[in-house]
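K.L.:
The following block contains a protein sequence and its predicted model.
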Amino acid sequence: MGFFKKLFGNRFFVITLCAAVLISIIPAVLTAMGQKSYVQSAFQTVASPFQWCFTKIGEGLSGYSDYFRTLDELRRENIELRQQLEDMNNKISDANLLEDENDFLRAYLGTHAEHTDFEFTDAVIVGCESTNYSAFYTLAKGSLAGIEKRMPVITDKGLLGYISEVGPTWSRVTVITETDSSVGVYISRSGVSGVLEGNLSLRLEGKCRMIYIEADSDVRIGDTVITSGVGSFYPRGISVGRVTAVSTDSGTRTLVAEIEPYASIEDVNKVMIITSFEVVEEKEAGK
């Protein structure tokens, strides 16, 4: 009883209850009196704001539906565009690899056409080991493929080095800039001969030097150095590099030429190994 007393003592509740009763009774009374039109008009008047609200809410929901439908379409288009972009990037990557392969094959064929006595096999560079005093490059081809120690290694630019170690499926290359490398060479322009060797300080610059050059020899900056095929296990006629500086060794009174090799390990990922070539006798090389 206390609850109902408290409830009916609430003014807002009483007013609301009375309004609800009137809204329920008045339409019934008017209808019984034959005044149904007034009831309809009253309901229309009361319902109009609610109809307007419901209409706007419906339009809003329809707009949200269109928005989410458009968003889904944009997401699908985005996924399709990403897939197309990935496919295009893959095609470009494949095309670049094919172009690199074609360039390598052209260089291979060009070198083979120039040196018909050479026999080659290609190999991929798969690793590098470097210290303060030496660097070795590992190839993915070894004795099972017929690779042996002391075989020359070249790129499309020129001489890179020689095979210094061999395993069943791998081999290591010592490049011509290393201190334990020695190559018989000559200047193509003047025919001046000498020995190309690695130097501890020059190797840090990616260079080597040509020594045992007679003091009155014609050696100039920009001259091209080529293998002579004498006194080493390299064949004759492979481009080595160009002269970047010439100085005199005061101790031996001979000339020393700094050489910048044409072949750079940073520019390639595949090389050619010369597995066989015609050996040039010293007298023939001096012609």
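P.N.:
Yep, it's here.

K.L.:
Is the closest residue to M151 other than its chain neighbours bridged to anything, and to what?
P.N.:
Nearest non-adjacent residue to M151, counting by C-beta to C-beta, 6 or more residues apart in numbering: I163, 4.5 Å away. For every residue, glycine as well, the C-beta is placed using N, CA and C. In this structure, I163 has the following beta-bridge partners (DSSP bridges): V173.

K.L.:
my guess is I163 meets I274, correct?
P.N.:
No - at 9.8 Å, I163 does not count as touching I274 under the criterion of C-beta atoms under 8 Å.

K.L.:
so what's in contact with these two at the same time?
P.N.:
The overlap between the contact sets of I163 and I274 (C-beta atoms under 8 Å, 6 or more residues apart in numbering) consists of M151, V153.

K.L.:
hmm, back to that, contacts only, for the residue nearest to M151.
P.N.:
With contact set as C-beta under 8 Å, 6+ apart, I163 has these partners: I147, E148, K149, R150, M151, V153, S171, R172, V173, I273.

K.L.:
how close does the fifth one sit to K141?
P.N.:
What it means is M151. 11 Å (C-beta to C-beta, to the nearest Å).

K.L.:
shared neighbours, these two?
P.N.:
Joint contacts of M151 and K141 (C-beta under 8 Å, 6+ apart) are I273.

K.L.:
Could you dump the contacts of I163 into a markdown table with secondary structure, distance to N199 and neighbour count added?
P.N.:
Rendered in a markdown table, the data for those read as follows (DSSP: H, G, I helix; E, B strand; the rest coil; distance: C-beta to C-beta, whole Å; neighbours: other C-beta atoms under 10 Å):
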| residue | secondary structure | distance to N199 | neighbour count |
| --- | --- | --- | --- |
| I147 | coil | 28 | 22 |
| E148 | coil | 27 | 12 |
| K149 | coil | 23 | 13 |
| R150 | coil | 21 | 11 |
| M151 | coil | 24 | 21 |
| V153 | strand | 20 | 26 |
| S171 | strand | 25 | 25 |
| R172 | strand | 21 | 20 |
| V173 | strand | 19 | 25 |
| I273 | strand | 25 | 24 |
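
K.L.:
In TSV, list those along with distance to I211 and pLDDT.
P.N.:
Shown next, in TSV, are those (distance: C-beta to C-beta, whole Å; pLDDT from 0 to 100):
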residue	distance to I211	pLDDT
I147	30	95
E148	28	95
K149	25	94
R150	21	93
M151	25	94
V153	22	94
S171	28	96
R172	26	94
V173	23	93
I273	27	93
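
K.L.:
ok, back up a step: and the pLDDT at the residue nearest to M151?
P.N.:
Here the pLDDT value assigned to I163 is 95.

K.L.:
Check the one 5 residues further on too.
P.N.:
According to the model's per-residue confidence, P168 sits at a pLDDT of 96.

K.L.:
so it, which of the three states?
P.N.:
coil (DSSP: H, G, I helix; E, B strand; the rest coil).

K.L.:
Let me see the contact set for it.
P.N.:
If you count contacts by C-beta under 8 Å, 6+ apart, then P168 has G142, S143, L144 around it.

K.L.:
For the first one, give me phi and psi.
P.N.:
Backbone geometry at G142, expressed as degrees, to the nearest 10, gives phi -140, psi -150.

K.L.:
residues near it, how many?
P.N.:
As a burial measure, G142 scores 20 neighbours (other C-beta atoms under 10 Å).

K.L.:
Next one, pLDDT for it please.
P.N.:
Per-residue confidence at G142 stands at 95 (pLDDT).

K.L.:
my read: it touches M151, true?
P.N.:
No - in terms of C-beta under 8 Å, G142 does not count as a neighbour of M151; the distance is 11.3 Å.

K.L.:
Quick check: nearest residue in space to E178, chain neighbours excluded?
P.N.:
G198 (4.5 Å).

K.L.:
avg pLDDT for the host helix or strand of R76?
P.N.:
Element membership for R76 (DSSP states H and E) is helix 36-114. Here helix 36-114 scores 61 as its mean pLDDT.

K.L.:
Flag every buried residue along the helix or strand that it is followed by.
P.N.:
As assigned by DSSP H and E, the chain's next helix or strand after helix 36-114 is strand 119-130. Across strand 119-130, burial judged by 16 or more other C-beta atoms under 10 Å covers F120, A123, I125.
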